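Chemist: Okay, predicted coordinates and the sequence, questions at the end:
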Amino acid sequence: MAIISSLPGLEVWVNVDGTPAAEYDDPDNQVQGMNLNNFHVPPGRVSQPPCIIKYIEAKHGAPFSFHYLVRPPVERSDQWIRSIFWIDGTKFAANYEMKYDPVRGARVTTVGAVYSGNATDGYQRNSFLFSPLEIADVVETGQVSKEDAKVLKHCGTLRVAFFYIEKQNGDAVKYDIRPQDSDDRDTRAPIIAEKALKGTAVDCKTSYIPSPEQTPRNVNAHKDHYIDAKKRPFAVFEFRYRSKEGLIKEGVIPRPGVDEQVANMTDAEVRQPLAALMEEQNQRSLDSVKGEDSTGVANAPETGNRRRIKSEALAAADDEALAPSKELRLDNGRVEIDLTDD
């Protein structure tokens, strides 16, 4: 679980295929370079930006979901919290207005989908999913397209930001754990030019699994009232997802040794190289048999007795081919061949 040291009451993590993803530290420690003025923090009470960056492994075709836990002392009695999510740079209005309830205590909130539609046409649940990023080997022009640059600017990043808000008289604040689908969401599977990657290891993206929503709740949004006039977050959690090979290429995790690779193999994966080795040996044996010449001696390395035997066989064949012969015509018209040496 990702935890900001100055906010121990707030924990965020990502589940991949139903299991909490292993988290790896940012090797570049980019939080250190962030401006503290971009966050809503009490003056003089926080020395480090309330932000944390973690790397996680994405698995192609696996669903994923956000989870966070809120407990004191994060929330104050006179303030509510709103959380907003960004997936590959696309913002989703979460509508998570909540207050700490001393009776219920700490609670975990799960976000695994966004919803779209209306009461007339019906609603649709769009569950989050990791999918491969298609990369083209050939680039028609020497320039990176604006479309590719836009896709890759935030591709590979999941982000959650928390804001303090207030409930004013007349506001219809509703607790709704269903984030709304963004108007600028693009569900196409773009094909990215390899040159646009600029050496990064981004090789996957997010997509959605649509399904009908049978019993939708009221999902109307309402006006926000942020405590901070600049609408700055008081906490930001960022998860950069890569495939396992991508994590290795970016130096987040080391490349596994031979023993670890074998230990992680399935029975089928272990048998595959053995079967390939046996097939190679059988092919070599077959080629050796086919390579035998007319003397019956195989084309193996000519050493020792084998070289002597082959030389004698070839010499005998030459002598036999060069043996002198005489033709004698008989009285009855037949021809007799004499192979004697005299």
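Modeler: Here it is on my side, so go on. Numbers count the residues shown, from 1 in each chain.
Chemist: Could you use CA atoms for every contact and neighbour count after this?
Modeler: Fine.
Chemist: and residue 286, that's in a strand?
Modeler: No. Read with DSSP: H, G, I helix; E, B strand; the rest coil, residue 286 is helix and lies in no strand.
Chemist: I'd say residue 117 and residue 124 touch.
Modeler: Yes. Residue 117 is within contact range of residue 124, at 6.0 Å (criterion: CA atoms under 8 Å).
Chemist: More neighbours: those two, which one.
Modeler: Comparing residue 117 with residue 124 by other CA atoms under 10 Å, the one with more neighbours is residue 124, at 20 against 15.
Chemist: Kindly state the beta-bridge partners for the more buried one.
Modeler: Residue 124 has these beta-bridge partners by DSSP bridges: residue 116, residue 212.
Chemist: check contacts around it.
Modeler: Residues near residue 124 by CA atoms under 8 Å, 6 or more residues apart in numbering: 115-117, 210-213.
Chemist: Same list (these) but as TSV, adding distance to residue 134.
Modeler: Converted to TSV, those look like this (distance: CA to CA, whole Å):
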residue	distance to residue 134
115	26
116	26
117	29
210	21
211	24
212	28
213	30
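Chemist: What subset of these is buried?
Modeler: Among the contacts of residue 124, the ones that count as buried by 16 or more other CA atoms under 10 Å are 115-116.
Chemist: any idea which of the contacts of residue 124 is closest to residue 163?
Modeler: Using CA to CA, residue 115 comes nearest to residue 163 of the contacts of residue 124, at 22.0 Å.
Chemist: for the stretch 151-300 of the chain, what spans make up the helices?
Modeler: For the stretch 151-300 of the chain, the helices defined by DSSP state H, counting those that start in this stretch occupy 244-249, 258-263, 267-290.
Chemist: Residue 158 is in contact with residue 236, isn't it?
Modeler: No. Taking CA under 8 Å as the definition, residue 158 is not a contact partner of residue 236, at 10.7 Å.
Chemist: What segments of the stretch 1-150 of the chain are helices?
Modeler: Taking DSSP H, counting those that start in this stretch as the test, the helices found in the stretch 1-150 of the chain are 146-154.
Chemist: Okay, now the unreliable bits of it?
Modeler: For the stretch 1-150 of the chain, the stretches with pLDDT under 70 are 72-79, 93-105, 135-150.
Chemist: Would you map the strands across it?
Modeler: In the stretch 1-150 of the chain, the strands defined using DSSP state E, counting those that start in this stretch lie at 2-4, 7-16, 19-20, 24-25, 51-57, 64-70, 80-87, 90-92, 107-111, 113-118, 122-132, 134-136.
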